[in-house]
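>>> Predicted coordinates and the sequence they were generated for:
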Amino acid sequence: MTGDTGTPVAAPLEAGTAVRLGELIVEIVSDSGEGAQKAGQALGAISAKMGNGVWTVEIIPAEIKPPARSRAGASGIRVRIGSGPMTNMGDEAGLVVALNEQVLYGRIEQRAYRPGTVVLLESKWKDDQQELIRRQYTEAVADFRARGLVVRELPLEEACLGVTSDPRVGKNMFVLGMLCRVCGRALEKAKEEVAFVFGRKGQDVIERNHRLLEAGFHFAEENVPERFEVPPAPRTTDLIVTNGNQAVGLGVMAAGMELVAMYPITPATSASHYLSGAIQKVGGVVHQAEDEIAAIGFAIGASYAGKTACTITSGPGLALKTEFVGLAVMAEVPLVIVVVQRGGPSTGLPTKVEQGDLLASLFGEPGDTPKIVMAASTLEECLLFPVTARRLAEAFRTPVIVLTDANLATGVAPFPRPQVTPDWFAPPVDQSAWDPAVEPFAWDPTTGISPRPIPGQRGGEYVLTGLAHTRRSKVAYDPDSNQRGCEARSAKLRALQSTLRPPEVYGDASGELLIVGWGSTRGAIEEAVDRARAEGLSVSSLHLRFLSPLEPGLGEIFARFAKVMTIEINYSDEPDAPAVTDENRRRAQLATLLRATTLVDIDCWSNVYGQPLQPRQIYAEIGRRLERGGN
Amino acid sequence: MTGDTGTPVAAPLEAGTAVRLGELIVEIVSDSGEGAQKAGQALGAISAKMGNGVWTVEIIPAEIKPPARSRAGASGIRVRIGSGPMTNMGDEAGLVVALNEQVLYGRIEQRAYRPGTVVLLESKWKDDQQELIRRQYTEAVADFRARGLVVRELPLEEACLGVTSDPRVGKNMFVLGMLCRVCGRALEKAKEEVAFVFGRKGQDVIERNHRLLEAGFHFAEENVPERFEVPPAPRTTDLIVTNGNQAVGLGVMAAGMELVAMYPITPATSASHYLSGAIQKVGGVVHQAEDEIAAIGFAIGASYAGKTACTITSGPGLALKTEFVGLAVMAEVPLVIVVVQRGGPSTGLPTKVEQGDLLASLFGEPGDTPKIVMAASTLEECLLFPVTARRLAEAFRTPVIVLTDANLATGVAPFPRPQVTPDWFAPPVDQSAWDPAVEPFAWDPTTGISPRPIPGQRGGEYVLTGLAHTRRSKVAYDPDSNQRGCEARSAKLRALQSTLRPPEVYGDASGELLIVGWGSTRGAIEEAVDRARAEGLSVSSLHLRFLSPLEPGLGEIFARFAKVMTIEINYSDEPDAPAVTDENRRRAQLATLLRATTLVDIDCWSNVYGQPLQPRQIYAEIGRRLERGGN
Amino acid sequence: MFGLKSDWSLELPERYFTLEDYEGGVARWCPGCGDLAVLTAVQKILRDEQQPPEKTVCVSGIGCSSRFPHYMHTYGFHGLHGRALPVACGVKSRRPDLDVWVATGDGDCCSIGAGHWIHATRYNMDMVVMLFDNAVYGLTKKQTSPTSPRGLKTNTHPMGSWLPPLDPLCAMLGFTNVSFVAQTVDWNPVHLHATLREAHKHRGMSFVRILQRCPTYTAAVFEELQRDPSRLLLLKGDDNVAVDPAVMKIFPNQAEHDPSDIGAARALAETGSQGEKVPVGILFRDASRPCYEDFTMQGLGISAEDKLAGLKRELDKFAV
Amino acid sequence: MFGLKSDWSLELPERYFTLEDYEGGVARWCPGCGDLAVLTAVQKILRDEQQPPEKTVCVSGIGCSSRFPHYMHTYGFHGLHGRALPVACGVKSRRPDLDVWVATGDGDCCSIGAGHWIHATRYNMDMVVMLFDNAVYGLTKKQTSPTSPRGLKTNTHPMGSWLPPLDPLCAMLGFTNVSFVAQTVDWNPVHLHATLREAHKHRGMSFVRILQRCPTYTAAVFEELQRDPSRLLLLKGDDNVAVDPAVMKIFPNQAEHDPSDIGAARALAETGSQGEKVPVGILFRDASRPCYEDFTMQGLGISAEDKLAGLKRELDKFAV
Ligand SMILES: Cc1ncc(C[n+]2csc(CCOP(=O)(O)OP(=O)(O)O)c2C)c(N)n1
Ligand SMILES: Cc1ncc(C[n+]2csc(CCOP(=O)(O)OP(=O)(O)O)c2C)c(N)n1
Ligand code: SF4
Ligand code: SF4
Ligand SMILES: [Mg+2]
Ligand SMILES: [Mg+2]
């Protein structure tokens, strides 16, 4: 995707001229509360304003206030800066500022670095009062070096002392100043950004932070030999910068939905947080319900009354909504359900990423419950899909599930500003008279679609029911009505599918290997495909946005490749694990779905480490698969 | 299955000698409250005692007290009597006693009869005070005859008056007497049965009923020309007669489960009703919880504390349990979940049959949730599977879902009495000391199985959690633990599968068409296969008892047939419906599952009329499929 | 008010509604079932108040009593077991113009729906909630309900139900933001009608527990109460349910009760819960309690231009 | 008793338990979090009562407070959000020998778990239920909880929460079969300990609402209460929580209260719910209320022979 992704970050050079890179991944890690995230966000914003592609993602510990200097407590931020648009968090970082060595370990465990990564490490622990800490520090530095990290031990706190009396508060801006120098960011841009961010806090605060910035910048000039440069690319469109959950929130507002009913659950909640502060500006409200069941029930009530509503949740919440989703399908209530997937099963890994809710979204409810399921693969789609979903929900009178995940939810990057027009909004509720001759479920024989009376419409009075019902919505005691209703609801998916285009293949339209993905892995997969293709490998990829109905033409596309495999962040048995055979292997979720639909022998590569997939890992897997050959 | 199923019931003959039949289906239909069910049950019991195969199923209106003389209010019973064992309710009835013409219409709508069916119809309506009723009756009789039914108009109520002053109360025994004569049942046996059933009510009541029986018998001698005979087959084993829900209840007790936690829901509740009155005799209790979530939570609590428990529900209840099922999988809590399937989706058809919960059972929970899913296909399996399920749940430390359905739940037939031995029971809770070196999740690398500490075991203290966890059950913050846990849980299915045998093919091991079924359809499918094979068609069938893991060897078996199709009672798009293509067709649930696993192009025939499949329908479908040929 | 312009059309021709305008087909409850009396009472109230059928929404869960909407000729939502209240609140949240009635059973409301019951009370949205309390699960054929009296023999407790019955009035009077609690009996149509009318007049969630006969499964429970009116205590007073003297005479026990006194209300409920002096009338009413729709209605009916402008300002915040 | 023979082993060697025997690793709550005080109090009570760790089960839902079991060295069940009570009741149902403690948050118990809360109260099984009420959703980072005071600015109500806060004591005192209701504060370890000890002694479901400081998200809510003890009302009396005079002195407001008087208890809770004279101590206790395990334990530990015989008799009923 980037102009120059084939080039991994160069190993550190001797001081002097800056190394030009296609991209650079920077991390700042610290105990929580040290302001690393603020510094990183500023670095991302500066880079975006300079015209770089940027992907920022916060590193958030699982606990609210983890103890200081603990591995599990690693808190901070990763900023990936590139010449072209950045679509994912990338591979191992090239540069990291670490405020203690333990949090660096935390990230090492997450496989965030590689030999050659430059580490700018706070060195004050070397002289700590506690012997244990001194020892930990010294041993760690040696270990880091043994792992191939390029460690620069720097007395950061001490260096701040010249500028501020409380270095714990100001150190983050000092670090930002350092990074401006090392990463070739203009100090002036940083000052502007800081002035903007601290605007409300007054001139004093701004000036103190400016001094810290400058001090950091000069400190780096003197103490850090590395210098990198990531040239920007010219920008054509207006951009906005959000994370995926803010994008979902903006999308919900751009769809004109007036009601968001939710119950807090990580990692979906921040979408509701954002909406709670914003939606009243466009005439809407967020209802925090007593539980997930009530949340979807409330949304369904509002939708029944004509206000297409949405509910936002994550896996465990989706599980609780199962029964109501079934009702919405059966009684044909338009509804948008955003599921921000996290690690599962059960409470699982609440803050980590997984794409484990696909089959539950499709098949979770007892009985036949055809519904629309879409998955956003970019931040922009996080914004646009709620808009599409609302329209589809109303056009097809059905719930629509929009899947995103923790990776999108927390990723921050610039993307084109949507050009919203009033026709994006839900139209006002129709309150004109209804022709009583038109039944409330006057199913079109081909499309299954029927117009919907809204309370207030004279002549449209009917009783919605989850029981098998006739076109008049009367409880059906005859055997036929249930079959007819099921047929109509099923036909809707067929009708929608007939309006979709076959998905585009990324890369050549035929070849040896086709990778099929869905959701947040798109950027990483396409980057890996680019890299592999640059080396002459015959690999293409395909990314599905609709999972129910599936986009058409898949069988034909698959037939043009010798091998087809999905790459997903959910569980599958390793094909080489003991006693795993082709017959008993439990496959990843999209693979299972596509095999049933296309009968193509679709392989899969997936895992549940809770981490976004890195382009490098995918690239390596492509190599392995092509080598292995055959099937 | 029966010795002589190829012979449908003969058309009625002139009076005189009885027609010998391989089987006879008799119905009694009436308004509710007229005692039809009691008469039919007695007929079934008498036949079973005479050595016949019997399948009895009650006809229950959807409403509690439907208005009299209404089609939807048809209440009654069907009794299928055969020379060999009867495994399903069969095709259209050969003989029906109807106490008014409207309820007969109710059954005609359900496709219960065919041209030639003999109808013994209460004729008193002909002279009713209300003109409307008189007209309805006369028109109906003409209509019935036009439909080919052989109608005998009989003044049943009047005939009872000679024996009893309140014919509405006694008419059912009069009808039983008639049926004894017409169906060749010994009057003495009927008297014995009546004496047994009314035993507690005293000699007077018994004698009145004996008089009614005799009167009915003689009335038939004089007024009904038809006479049938269904010779019994010699019986070798001890038999018991139950419906599927009673069988489940007996199975739960035979498994030694001490706790059944449930929330009422049709058609599962009657299993709990039975247990509520019986389980204390074997030292157990039924807990009626405040809702389905609490029911499974309560059962899980009891199981955590060492008492493998069960919860019994139906589709909407299963939907509510989704989140807890995920926890039980994740935290490896043994649990038996019996799901008596009904028509869906949503509230659907609460009293009708469907096999629509298969995919929800397998894939309903977010994240990867491997669990054992089994389906009973006979009444005997309804009893035995809870026993097996408890063992598997404990051996594999996992929830086990046992699927049955409304068809099994309400069907009554004799089957071999289980020879229970004490090793069927759950062993007493182990309270010996636990070796603290053994972790609470000491997953065996190959089988995924780990021994389980029970509260009270000194040294085994651990905290169960639904979060990703280590072998020590500590909350895992590292990326690896989640992957390891998922692997272990997945391995359990592999391990179980390796102990299963490939399923047996019913009929030839290879041929043109293989029908694959699961659950309650087995009897009907095998009967249809018998019939088709008797006519030389190349068809076999296969019935799956394990759905997760699947029984092994399916791919190989399927490869031996030109065509493979599933027959199921759940929704699939008709292949010939407008705009349905091979690509967009939504298939039945088992077909979807088997396609994904075996990549065989498995067709399906299914519907959601809420009715058990009749052998005749399946037989006809076999013919159509074989004709159509190719694919 | 709240700028409802874009969503509402005006009521055009003058219409007069008769009882039939509210009737939705033959009710299919058992003969003698108390549900029918409630149906008739509600239809009368709507007729009396000339409430347009299309502006009325009856929401229910699952149960015999939850069939209620099917027998009304209004909009209706016969949803899921236990979930009538969240749906009803959702309907009201952005459609304050709709008149919402909830029909729920003792199982539906007090067992599976109990969590929503507490919270809907707290939301206190303007609707009438009718608890059809027949002390049993009717639709599923006689299982114990939370309000079943101890010892009631049911299919799940063939030796008699074991736990003391939950008292819906005591519970309601402990829930935060409760604003209207009344009790009546299906077999006194005058009191029933008058109580529901008061409930309908009240702004907020008006909770009416209706002691409802189920001749099929709990005949004995209510026969006794019905036979012996001295087990009831008629609440009267200026602020209470007014019925005409002929009807009042039926009640041997009467007491003045001021519904603004929550302490007194709780005491009455407590005594009633012991099966003595079962109070009928309004136990509690406070019209000043906040109604959640005053929060959820925010920005109702703003114009598309205002939406667009608001959205643009919001997008500006994220501009690079 | 109840023929426990086949399921239980005897306690063999004499053991003496120290505090450490109950400690399950470093608690990872925020500095200053009130949860820690509760943890310590429970460990002390178990030590004082020499309760074997393996016979103790701590059950929780999901939330900061629900991490409680992880910090105990006993058996524990950290289950699903809102579902601690059904699980705890299930544990107790057939294992009356286990000592069950429930840790639940204000969101866990009063929001998503509210339905179970009502019913567990009604079941009244012998266990201690500790409601960690910090008036906020802690674990998910500051959303409004049902007990959040009006106007609290949270992430879901950035302009301030809108609804009046649910009062758990008022609610509990309206639930049927309630048998023990107390309130205490995390910052008075003596009163906390004494209250929990009373709760543990009581047979039945002992519900203790603990006002619990969350310095991270609701510092202001509790600081005020802590700073100004005159906002509290210490309940005292022969049957109430006994603390030593030095501790009593901290409370400027004290009142005699007889926990057997439910009317008085409700009045105290009502006043407290207005934020005045927040009662601490035992509001209500009635040891005579039925405990559901007396029903669920039926036939516990019958022998395999008896089971077999029972089953055979049952099968005979279905014999042809
Ligand atoms: C999720 C779910 N669980 C259970 C049921 C079965 N069910 C239907 S109605 C009902 C109880 C009815 O009792 P109540 O609410 O008191 O209403 P009544 O029939 O007595 O009027 C139950 C348990 C269901 N439909 N859905
Ligand atoms: C089904 C489900 N919904 C939502 C969540 C997210 N969640 C976890 S804890 C919590 C609330 C915690 O608040 P509280 O119960 O008051 O406990 P505290 O953290 O304040 O101690 C929520 C909403 C979840 N884990 N599961
Ligand atoms: S079962 Fe009871 S509640 Fe249900 S309709 Fe019949 S009488 Fe009414
Ligand atoms: S967020 Fe609050 S409740 Fe949670 S651990 Fe921190 S202080 Fe305690
Ligand atoms: Mg009821
Ligand atoms: Mg809390």
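Arrived safely. Ligands and ions are numbered 1, 2, ... in the order given.
>>> drop to CA atoms for contacts and neighbour counts, all remaining ones
Fine.
>>> ok, how many other residues are close to the residue in the stretch 51-200 of chain C positioned nearest to chain D?
Of the residues in the stretch 51-200 of chain C, the one nearest chain D is C:Gly115, at a distance of 3.9 Å by C-alpha to the nearest C-alpha. C:Gly115 is flanked by 27 other residues according to other C-alpha atoms under 10 Å in any protein chain shown.
>>> so it sits in a helix?
Yes - counting by DSSP: H, G, I helix; E, B strand; the rest coil, C:Gly115 is found in a helix.
>>> Quick check: it touching D:Cys109?
No - using C-alpha atoms under 8 Å, C:Gly115 makes no contact with D:Cys109, being 10.0 Å away.
>>> Helices of chain C, start to end?
Taking DSSP state H as the criterion, chain C contains helices spanning C:35-49, C:84-93, C:106-107, C:114-123, C:168-172, C:189-201, C:219-227, C:245-248, C:262-273, C:293-296, C:304-317.
>>> what is the mean pLDDT for the last one?
The one in question is helix C:304-317. Helix C:304-317 shows a mean pLDDT of 96.
>>> Pull out the buried positions in it.
C:Ala304, C:Lys307, C:Leu308, C:Gly310, C:Leu311, C:Lys312, C:Glu314, C:Leu315 (16 or more other C-alpha atoms under 10 Å in any protein chain shown).
>>> The first one and A:Gln419, how far apart?
In this structure, C:Ala304 and A:Gln419 are separated by 15 Å, where distance is defined by C-alpha to C-alpha, to the nearest Å.
>>> and what of the fourth one?
Taking C-alpha to C-alpha as the measure, C:Gly310 falls 14 Å from A:Gln419.
>>> for the last one, same thing?
Relative to A:Gln419, C:Leu315 is positioned 10 Å away (criterion: C-alpha to C-alpha).
>>> Equivalent analysis for C:Arg313, please.
For C:Arg313, the distance to A:Gln419 - C-alpha to C-alpha - is 13 Å.
>>> now swap in A:Ala395 and tell me
Distance, A:Ala395 to A:Gln419, using C-alpha to C-alpha: 22 Å.
>>> Which of the two has more residues huddled nearby?
A:Ala395 (16 against 9).
>>> Which helix or strand contains the more buried one?
helix A:379-396 (DSSP states H and E).
>>> Can you report how many residues lie near residue 89?
I went with chain A, as the question did not name one. By other C-alpha under 10 Å, 26 other residues sit near A:Met89.
>>> I was after chain C.
When counting by other C-alpha under 10 Å, one arrives at 30 neighbours for C:Cys89.
>>> ok, it - contacts?
By C-alpha atoms under 8 Å, 6 or more residues apart in numbering or on different chains, the residues touching C:Cys89 are A:Phe298, A:Gly301, C:Ala120, C:Met125.
>>> If any of those are buried, give me the ChimeraX selection for them.
Here is the ChimeraX command that selects only those of the contacts of C:Cys89 that count as buried (16+ other C-alpha under 10 Å):
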select /A:298,301 /C:120,125
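>>> ok, so of the contacts of C:Cys89, who is nearest D:Pro86?
Using C-alpha to C-alpha, C:Ala120 comes nearest to D:Pro86 of those, at 22.4 Å.
>>> I figured the closest one hits C:Val87, correct?
No - applying C-alpha under 8 Å as the test, C:Ala120 and C:Val87 come out as separate, 10.3 Å apart.
>>> Roughly how far does whichever residue of chain C sits closest to ligand 2 sit from A:Asn570?
Chain C approaches ligand 2 most closely through C:Gly115 (14.2 Å), counting by C-alpha to the nearest ligand atom. Distance, C:Gly115 to A:Asn570, using C-alpha to C-alpha: 34 Å.
>>> go on, A:Thr351?
Computed as C-alpha to C-alpha, the A:Thr351 to A:Asn570 distance reads 15 Å.
>>> if you count what's nearby, which of these two comes out ahead?
Set A:Thr351 next to A:Asn570 and count neighbours by other C-alpha under 10 Å: A:Asn570 wins out with 27 against 22.
>>> Neighbours of A:Ala142, how many?
Neighbours around A:Ala142, by other C-alpha under 10 Å: 13.
>>> Surely it is within a helix?
Yes - according to three-state DSSP, A:Ala142 belongs to a helix.
>>> what residues go with each domain of chain A?
Here the domain parsing of chain A from automatic domain parsing is A:19-229, A:242-413, A:432-499, A:505-625.
>>> got TSV for these, with distance to chain D and mean pLDDT too?
Compiled in TSV, the domains of chain A are given as follows (distance: least, C-alpha to the nearest C-alpha, whole Å; pLDDT from 0 to 100):
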stretch	distance to chain D	mean pLDDT
domain A:19-229	5	93
domain A:242-413	5	97
domain A:432-499	23	97
domain A:505-625	19	97
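>>> Which stretch among the ones you listed is buried most, on average?
Each of the domains of chain A was given a mean neighbour count from mean count of other C-alpha atoms under 10 Å in any protein chain shown, and the largest, a mean of 27, is that of domain A:242-413.
>>> so who does C:Val185 touch?
For C:Val185, counting by C-alpha under 8 Å, 6+ apart, the contacting residues are C:His191, C:Leu192, C:Ile210, C:Leu211, C:Gln212, C:Val280.
>>> Actually, A:Ser75.
A:Val29, A:Ser30, A:Asp31, A:Ser32, A:Ala36, A:Glu58, A:Ile59, A:Ile60, A:Pro61, A:Val103.
>>> Repeat the analysis, applying 6 Å as the threshold.
Taking C-alpha atoms under 6 Å, 6 or more residues apart in numbering or on different chains, we find A:Ser75 in contact with A:Val29, A:Ser30, A:Asp31, A:Ser32, A:Ile59, A:Ile60, A:Pro61.
>>> The second one touches A:Leu99, doesn't it?
It stands for A:Ser30. Yes - counting by C-alpha atoms under 6 Å, A:Ser30 touches A:Leu99, with 4.9 Å between them.
>>> Spell out which residues are contacts of both of the two.
Counting by C-alpha under 6 Å, 6+ apart, nothing touches both A:Ser30 and A:Leu99.
>>> List the neighbours of the host helix or strand of A:Ser481 that are in contact with it.
Element membership for A:Ser481 (DSSP H and E) is helix A:479-499. Contact with helix A:479-499 is made by A:Pro370, A:Thr447, A:Gly448, A:Ala468, A:Thr470, A:Pro549, B:Val608, B:Tyr609, as judged by C-alpha under 6 Å, 6+ apart.
>>> any idea how far the closest residue to C:Asp97 other than its chain neighbours is from B:Arg417?
Sequence neighbours aside, C:Lys55 is the residue nearest to C:Asp97 in space, at 7.3 Å (criterion: C-alpha to C-alpha, 6 or more residues apart in numbering or on different chains). Going from C:Lys55 to B:Arg417 by C-alpha to C-alpha gives 61 Å.
>>> Likewise for A:Lys49?
Look at A:Lys49 and B:Arg417: by C-alpha to C-alpha, they are 80 Å apart.
>>> ditto for A:Glu192
86 Å.
>>> hang on, A:Ala233 packs against A:Ser83?
Yes - look at A:Ala233 against A:Ser83 with C-alpha under 6 Å: they come within range, at 5.4 Å.
>>> Output stretch A:291-300 as CSV, nothing but the C-alphas.
The C-alpha trace of stretch A:291-300 is given here as CSV (Å, rounded to 0.1, in the frame of the first residue of the first chain):
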residue,chain,number,x,y,z
ASP,A,291,-27.8,-4.7,30.3
GLU,A,292,-27.2,-5.8,26.7
ILE,A,293,-30.5,-7.5,26.4
ALA,A,294,-32.3,-4.3,27.3
ALA,A,295,-30.0,-2.3,25.1
ILE,A,296,-31.1,-4.2,22.0
GLY,A,297,-34.7,-4.3,23.1
PHE,A,298,-34.7,-0.6,23.5
ALA,A,299,-33.2,-0.1,20.1
ILE,A,300,-35.7,-2.5,18.6
